[in-house]
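**Q** predicted structure and sequence below. I'll ask about it afterward.
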Amino acid sequence: MGLRVEADHLEMAYGAVRAADDVSFTVEPGEFFGLLGPNGAGKTTTLEMLEGLRRPQGGQARIDGRDPSKREPELLSRFGVQLQSSAFFDRLSAREQLDTFGALYGAEPGRTDALLAEVGLAEHAGVRAEKLSGGQRQRLSIACALVHDPDLVFLDEPTAALDPQARRNLWDLLEQLNDSGRTVVLTTHYMEEAEALCDRVAIMDHGRVLTVDTPAALVRGLDRPVRIGVATDVLSAADGASIGGVEEASEDGDGIVLTTRRPADVLTELAARDALAGLSVRGATLEDVFLELTGREYRA
Ligand SMILES: Nc1ncnc2c1ncn2[C@@H]1O[C@H](COP(=O)(O)OP(=O)(O)OP(=O)(O)O)[C@@H](O)[C@H]1O
């Protein structure tokens, strides 16, 4: 279960635009891997080369050590590609869409109901695709990628254009796909999505991979202080500044903010002073990582 995916010095240019510029990384079997970057970073181009839908101008894509652009049926049967919702057949219900995709892929019949349940659409089986909500359509397109029970799924911006609630609901489904042992490779321009879901992320910008690592390691590598906030009525800025390990203490509209590289010591001291009311703790995020790497604010 789970397949290895390799991007090995991939190159793709459209005229003067280098959409993929020496893109290399490896996704291990069973990993949840994210390609993260702003619009136009080259995520879709890279994904399409990995899926074998676009032949690289340079370098090699490999799935389980083989070239996906050769379209070998045995390899194709082992991975799924999430189609955009516009690719549904006209006027078919969710169940009929899945039955049709299943027949096209030569999938084992009789899996449709289980699949509908897996993606949370059991109650909408008879609804036509065009009548489903945005989140439900995304679920259906994910189910279509799973009809042949693949070991690897590629998802291109699976939560784009969804409201925050629908996005979070979909995260649970994406986690389940990975928990069941499948390798998941997705693109996203949402930093917090990559942080919440991915074992590792490749941050892309202007066709290049800037860095690849776990979100936690990327953030740790920044050496940014943690910001600890508490209510003004439990601590003054001057008292905060006197705590060992506090680099700066200031008052903002919401309370007292302490910056520190030793958050455990500072929190212990705040607890000892019974000064934890209104507590908030904010560490660096992948947004800070992007800023550090590019010198630019992250704008998806
Ligand atoms: N078929 C094409 N012809 C010309 N230019 C293209 C084509 N496909 C992509 N590009 C350009 O290549 C660059 C990378 O595009 P790509 O779609 O891979 O980025 P992306 O990170 O997936 O962005 P988005 O989130 O907007 O889809 C962009 O500058 C885009 O305009």
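**A** Sure, I can see it. Note that the structure is a prediction, hence the values are computed from the model and not measured. Residues are numbered from 1 along each chain as shown.

**Q** list the contacts of the closest residue to Val5 other than its chain neighbours.
**A** For Val5, ignoring the flanking residues on the chain, the nearest one in space by CB to CB, 6 or more residues apart in numbering is Val27 at 4.1 Å. Where C-beta positions appear, they are placed from N, C-alpha and C, glycine not excepted. Residues in contact with Val27, defined by CB atoms under 8 Å, 6 or more residues apart in numbering, are Arg4, Val5, Glu6, Phe33, Thr183, Val185, Arg200.

**Q** out of those, the closest to Ala277 would be?
**A** Relative to Ala277, the closest of those is Arg200; by CB to CB it sits at 37.6 Å.

**Q** which residues of the stretch 201-300 of the chain fall in helices?
**A** 215-220, 237-241, 263-272, 286-294 (DSSP state H, counting those that start in this stretch).

**Q** any chance of these in TSV, with mean pLDDT, mean neighbour count and distance to the ligand too?
**A** Output for the helices of the stretch 201-300 of the chain, formatted as TSV (pLDDT from 0 to 100; neighbours: other CB atoms under 10 Å; distance: least, CB to the nearest ligand atom, whole Å):
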stretch	mean pLDDT	mean neighbour count	distance to the ligand
helix 215-220	92	17	19
helix 237-241	93	16	42
helix 263-272	94	16	34
helix 286-294	89	18	14
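
**Q** picking that back up, how much space between the residue nearest to Val5 and Ala194?
**A** According to CB to CB, to the nearest Å, Val27 stands 14 Å off from Ala194.

**Q** likewise for Arg182?
**A** Noted for Arg182: a distance of 18 Å to Ala194, by CB to CB.

**Q** what's the answer for Arg299, then?
**A** 15 Å.

**Q** what is the longest helix along the chain packed up against?
**A** Scanning the chain for the helix with the most residues, using DSSP state H, yields helix 164-179. With contacts taken as 3 or more CB pairs under 8 Å, 6 or more residues apart in numbering; DSSP states H and E, helix 164-179 sits against strand 32-36, helix 134-145, strand 183-188, helix 191-197.

**Q** so which bits of it are buried?
**A** For helix 164-179, the neighbour count (16 or more other CB atoms under 10 Å) marks Ala166, Arg167, Asn169, Leu170, Leu173, Leu174, Leu177, Asn178 as buried.

**Q** can you pull the phi/psi pair for Asn39?
**A** With angles defined as degrees, to the nearest 10, Asn39 sits at phi -60, psi 140.

**Q** neighbours of it, just the number please.
**A** Residues near Asn39, counting by other CB atoms under 10 Å, number 10.

**Q** could you check how sure the model is about stretch 274-283, as an average pLDDT?
**A** Per-residue pLDDT values over stretch 274-283 give a mean of 92.
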